[in-house]
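Student: Need the 3D shape of this:
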Amino acid sequence: MENKEQFVKLTAKALLLIFTMLLLLSCKTKEPEPEFLFRTALLVNENHTWYKAFEYFSEIIEERSKGRIQVQVYPSEQLAKEIEAIRLIQAEVIDMTTTGSTLTNWFEVATFCELPFLMQDSIDMQRYIKGPIGKLMETEMIEKSGLRALGHFQRGERHLTSNRPIRHPDDLKGLIIRVPNVPSFVDTWKALGAKPTPMAFSEVFTSLQQGTIEAQENPFAMINNAGFAEVQKYLNLTGHVLSWVYPVVGEKQFQKLPPDLQEIFLQAGRDMQAYEHRLFLENEKSVQEELKSKGMEFIEVDKDAFQKKSEKAIFESLSPEMQEIYHQLKAEKDAA
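Tutor: Numbers count the residues shown, from 1 in each chain. Just a heads-up that it's a prediction; the model follows:
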């Protein structure tokens, strides 16, 4: 009887020891919850430089904040399309995204992020971003859309893809082109003779495949990453837009961070911008050859004809206040 009681006691102690060890191990391997979690919705896939830049941002901010901030990145519109993402950020359901001229739905000056035929090169672009127009955009972004810019990502020139070669605006007659939901884009392509159709980016491939639309326009990287070479034969070098987008965070979410984490957040944003720019420059060199290897034929176009035919419509798409800014930007460009 005594031996039996000793055996039971020893067994109980052993079980208690095992249970304690398992508990300690589970506590040790379980990662602590971050104080602040930021969910990011992107329209691009994992191969795009924007996604890679946000992954880098996620790594450095978790390290620099010692785990207090964590950023989760969701590509390919898994969480939301661009306009939906902005509204979800405003509602504090998600926290970050990339956006540019789509912000015209909240404030008109955002149209200059991607106004057709406004900028000729990256020198023009940097002058606008760093000058009064860029400062105005960032201020209005906070005040009117509740978003804070963490920097900017340069986009390559936008070009038109199609299944018939387009060399002159006359070749566009009746062509159904997908465009983003931006008024100046719709007015430009309408003036050029096409039939522009606003559509979410995630719907473009299937619509091209099914023939609902016949063409679309985007930078080389977007054309490649979206697989448009599978459903489009010609890449017409219209170069009609040189633009940028902003990586943004909800202003309400940003203000919830204590001052030390706000500074870490902003510095990580600046470092993300520099990192993405290096990737962008590397990618621009290789992506054109990749598209050619996939069977796309590059077509030279009469750019002057495109610009002249659309210039009046672009100007008239702006409000009187924005027309004044347009004249100012043109004057600065001519002076430079």
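Student: report the longest strand in this protein, please.
Tutor: As far as residue count goes, and with DSSP state E defining each element, the longest strand of the chain is strand 234-250.
Student: how about low-confidence regions in the stretch 1-150 of the chain?
Tutor: Scanning the stretch 1-150 of the chain for pLDDT under 70 picks out the ranges 1-31.
Student: run the last query once more with 50
Tutor: Of all residues in the stretch 1-150 of the chain, those with pLDDT under 50 make up the ranges 2, 7-8, 10, 12, 15-17, 19-21, 24-29.
Student: distance of S58 from A191?
Tutor: According to CB to CB, to the nearest Å, S58 and A191 sit 42 Å apart. (Glycine included, C-beta is placed from N, CA and C.)
Student: strands paired with the longest strand of the chain, and their directions?
Tutor: Within its sheet, strand 234-250 is paired with strand 96-99 (antiparallel), strand 147-149 (antiparallel), strand 153-162 (antiparallel), strand 297-299 (parallel), according to DSSP bridges.
Student: avg pLDDT for that strand?
Tutor: Averaging the model's pLDDT scores along strand 234-250 yields 96.
Student: measure stretch 210-222 end to end?
Tutor: In terms of CA to CA, to the nearest Å, the two terminal residues of stretch 210-222 are separated by 20 Å.
Student: Distance of the nearest residue to K252 once chain neighbours are set aside relative to Q72?
Tutor: Taking CB to CB, 6 or more residues apart in numbering as the measure, K252 lies nearest to E92, with 5.9 Å between them; neighbours along the chain are not counted. As judged by CB to CB, E92 and Q72 stand 15 Å apart.
Student: May I see the buried residues of stretch 52-69?
Tutor: With burial defined by 16 or more other CB atoms under 10 Å, the residues of stretch 52-69 counted as buried are 52-58, 60-62, 64-65, 68-69.
Student: The residues you listed into TSV, with extra columns for distance to N224?
Tutor: Formatted as TSV, the buried residues of stretch 52-69 follow (distance: CB to CB, whole Å):
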residue	distance to N224
K52	14
A53	17
F54	19
E55	19
Y56	21
F57	23
S58	24
I60	27
I61	29
E62	30
R64	33
S65	34
R68	37
I69	32
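Student: that older thread, and the strands paired with strand 234-250, which is most packed in?
Tutor: Between these, the one whose residues have the most neighbours on average, counting mean count of other CB atoms under 10 Å, is strand 96-99 (a mean of 26).
Student: Show residues contacting that one.
Tutor: Applying CB atoms under 8 Å, 6 or more residues apart in numbering, the set of residues contacting strand 96-99 from outside is 38-44, 50, 54, 71, 82, 85-86, 89, 147, 153, 245-250.
Student: chain center to that strand: distance?
Tutor: 6 Å (CA atoms, centre = their mean, to the nearest Å).
Student: Could you export it as PDB, CA atoms only?
Tutor: The C-alpha coordinates for strand 96-99 follow below in PDB (Å, rounded to 0.1, in the frame of the first residue of the first chain):
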ATOM      1  CA  MET A  96      -1.900  51.400 -45.300                       C
ATOM      2  CA  THR A  97      -1.900  51.300 -49.200                       C
ATOM      3  CA  THR A  98      -0.400  53.000 -52.200                       C
ATOM      4  CA  THR A  99      -2.300  55.700 -54.100                       C
END
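Student: Sweet, I'm off.
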